[in-house]
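**Student:** how does the following fold in three dimensions:
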Amino acid sequence: MNALHRRTFLKQAGLSAATLPFITGLPSLGLAAPARPRQRLVFMFSPNGTIPAAYWPDAAGTDFQLKEIMTPLAAFKDRMLVLNGVNNKVRGDGDSHMRGMSCLLTGIELFPGNIMGGGGQPAGWASGISIDQEIKNHLQKSEDTRTRFGSLEFGVGVTDRADPWTRMSYAGANKPIAPISDPYQMYEKLYGQMKDKENLQSVLDTVKGDLQKVGKLISAVDRRLLEEHQALVRQMEKEIASASQKPLRAAPPTLNEGVADQNDNLPRLSRMQIDLLVNSFVNDMCRVATLQFTKSVGMARMNWLDIKDGHHSLSHEPDGNAEAVAKLTKINKWFAGELAYLVQKLSTTPEPGGEGMMLDHTLIVWTNELGKGNTHTLANIPFLLVGGAPGFKMGRSLQLENVAHNRLHLALAHALGHRLETFGKASLCDGGPLKLG
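**Tutor:** Next comes the predicted model:
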């Protein structure tokens with residue numbers, strides 16, 4: 001209901017304006033403002049650049065044709081926004097793979113450090129927060145958008161080694177966030193506490209009775225301390241009761257047992273992680289997620305595609321090596337197929353408590369640390385957006401003019417209600433958020 005309607009109601013009912021805050025939430029009066037639909041954001045990463053001729057559409061606008069790599073997404077062409085001409089302009093220490101990865105979502109330089117790459121100066125971690133965590137923090141400040149986890153970081157085949165090639169999410173300067181690459185570990189994080197809460201409730205029942213007995217045996221001074229402990233018990237009971245009043249909207253997915261976190265299992269691990277990601281959204285455990293396939297300089301061997309070469313080694317082959325180009329096209333097409341699986345699940349899952357499907361309120365950003373593997377360029381980074389977000393007009397291929405990716409991050413933040421003026425390196429934000437409407 002708009003403000004004019006509310007004023008009319010107050011006048012007709014003979015009520016003062018001071019009454020409004022106390023009666024707005026009463027459903028029978030129809031004064032409550034409609035709830036804003038949930039908006040979610042996913043960053044999906046795949047490494048080592050793309051094959052431009054097999055990726056970028058030839059035409060801009062709505063009349064564009066998908067090249068070979070993006071054909072798995074053909075059913076969602078009208079839900080796509082292809083951004084050609086977005087560059088990672090962050091410079092400084094580190095090689096292109098390091099800056100491509102750790103500056104991808106942070107938009108700011110790496111700290112000086114002792115990690116030596118394939119060129120340039122040695123470097124350390126990123127010197128600022130990543131946009132996924134910036135948006136997550138913003139959403140967690142409001143009761144309306146706060147969720148249990150805020151964000152979740154999924155990995156597929158990410159090695160245990162921690163360095164700027166393996167981390168794209170940062171909680172702040174020098175604070176990399178490790179993705180969880182084991183779906184069983186992620187399952188335990190999401191759902192393992194349910195049994196713990198049952199055990200905790202049992203302990204609290206016992207403790208509460210014991211504390212009452214002890215209260216009769218101690219001094220007045222000690223009794224005040226005991227009352228503080230009892231208040232803590234009551235608070236924990238309230239939290240458990242609150243959690244029990246919010247049952248899962250959807251049961252956890254059933255995971256196949258015994259799938260080891262190994263190279264040849266990446267297709268199965270990917271689907272398990274995507275199923276968990278979608279379920280976490282259905283149950284509103286978070287509004288922001290990352291899905292990271294391997295890492296920068298990732299050497300996965302796509303044996304399931306009958307490709308025995310390591311991904312990174314292949315990406316260094318010259319353009320004239322037709323066999324390598326064909327294999328790299330096939331690899332990137334496989335990543336597009338995993339994205340299509342995620343998009344398909346979101347497009348067929350009704351929006352919980354809302355209208356339409358979950359894809360209508362979820363924006364997925366598929367990206368890479370390099371524009372092209374054998375040149376290590378940070379120009380024309382592949383940025384493909386799929387789904388929906390306020391102010392974004394989908395179903396288009398855009399040819400942009402050498403814009404800094406910081407401006408895309410600003411547009412993403414604005415779409416989720418976070419009106420940042422700059423993000424990352426401020427000088428790379430000139431022009432403000434990209435206009436994608």
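**Student:** for the record, mean pLDDT for the one helix or strand L291 maps to?
**Tutor:** Element membership for L291 (DSSP states H and E) is strand 286-293. Strand 286-293 carries an average pLDDT of 98.
**Student:** just give me the neighbour total for D306.
**Tutor:** Neighbours of D306 under the rule other CB atoms under 10 Å: 8. Bear in mind the C-beta positions are built from the backbone N, C-alpha and C, glycine included.
**Student:** go on, E257?
**Tutor:** Neighbours around E257, by other CB under 10 Å: 6.
**Student:** and for R79?
**Tutor:** 20.
**Student:** wait, it sits on G395?
**Tutor:** Yes. With contact defined as CB atoms under 8 Å, R79 reaches G395; the gap is 6.9 Å.
**Student:** where does the stretch 201-350 of the chain have low pLDDT?
**Tutor:** 201-209, 211, 229, 232-246 (pLDDT under 70).
**Student:** now do the helices in it.
**Tutor:** Assigned by DSSP state H, counting those that start in this stretch, the stretch 201-350 of the chain shows helices spanning 220-244, 266-282, 311-315, 322-347.
**Student:** the inter-axis angle of the last one versus helix 266-282?
**Tutor:** Interaxial angle of helix 322-347 relative to helix 266-282 (axes from the mean of the first three to the mean of the last three CA atoms, to 10 degrees): 30 degrees.
**Student:** which residue is nearest the centroid of this protein?
**Tutor:** Centroid-nearest residue in the chain, with CA atoms, centre = their mean: A289, separated by 2.2 Å.
**Student:** quick one: T290 from G395, how far?
**Tutor:** 25 Å (CB to CB, to the nearest Å).
**Student:** and the pLDDT at A13?
**Tutor:** pLDDT for A13: 67.
**Student:** no wait, S130
**Tutor:** S130 is given a pLDDT of 98.
**Student:** now it: closest residue in space that isn't a chain neighbour?
**Tutor:** The shortest distance from S130 to any non-neighbouring residue, by CB to CB, 6 or more residues apart in numbering, is to L105 (3.7 Å).
**Student:** part of a helix, is the one you found?
**Tutor:** No. According to DSSP: H, G, I helix; E, B strand; the rest coil, L105 belongs to no helix; its state is coil.
**Student:** I'd say it and E134 touch.
**Tutor:** No. Contact status for L105 versus E134: not in contact, 9.0 Å apart, counting by CB under 8 Å.
**Student:** neighbour count winner among the two?
**Tutor:** Shown here are L105 and E134; by other CB under 10 Å, L105 has more neighbours (28 against 25).
**Student:** could you list the domains of this structure?
**Tutor:** Taking automatic domain parsing as the domain assignment, the ranges for the chain are 1-34, 38-182+261-429, 191-252.
**Student:** buried deepest among the ones you listed, which one?
**Tutor:** Greatest average neighbour count among the domains of the chain goes to domain 38-182+261-429 (a mean of 20), per mean count of other CB atoms under 10 Å.
**Student:** with adjacent residues omitted, what lies nearest to P183?
**Tutor:** M272 (4.0 Å).
**Student:** how much space separates the one you found from M186?
**Tutor:** 9 Å.
**Student:** swap in V343?
**Tutor:** From V343 to M186 the distance is 20 Å (CB to CB).
**Student:** list the contacts for H312?
**Tutor:** H312 makes contact with P47, N48, V297, G298, M299, G373, according to CB atoms under 8 Å, 6 or more residues apart in numbering.
**Student:** make CSV out of the residues you listed and add distance to F154.
**Tutor:** Converted to CSV, the contacts of H312 look like this (distance: CB to CB, whole Å):
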residue, distance to F154
P47, 15
N48, 19
V297, 20
G298, 15
M299, 20
G373, 24
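**Student:** and these, which two are the farthest apart?
**Tutor:** Within those, M299 and G373 form the most distant pair, 12.4 Å apart (CB to CB).
**Student:** thought A324 was touching L314?
**Tutor:** Yes. Between A324 and L314 there is a contact under CB under 8 Å: 5.3 Å.
**Student:** so where do the strands sit in this protein?
**Tutor:** 40-45, 80-87, 110-115, 123-126, 150-156, 170-172, 175-176, 286-293, 362-367, 383-387, 396-404 (DSSP state E).
**Student:** go through those strands and name the closest to D264.
**Tutor:** So among the strands of the chain, strand 150-156 is nearest, using CB to CB, at 12.8 Å.
**Student:** thank you kindly, that will do.
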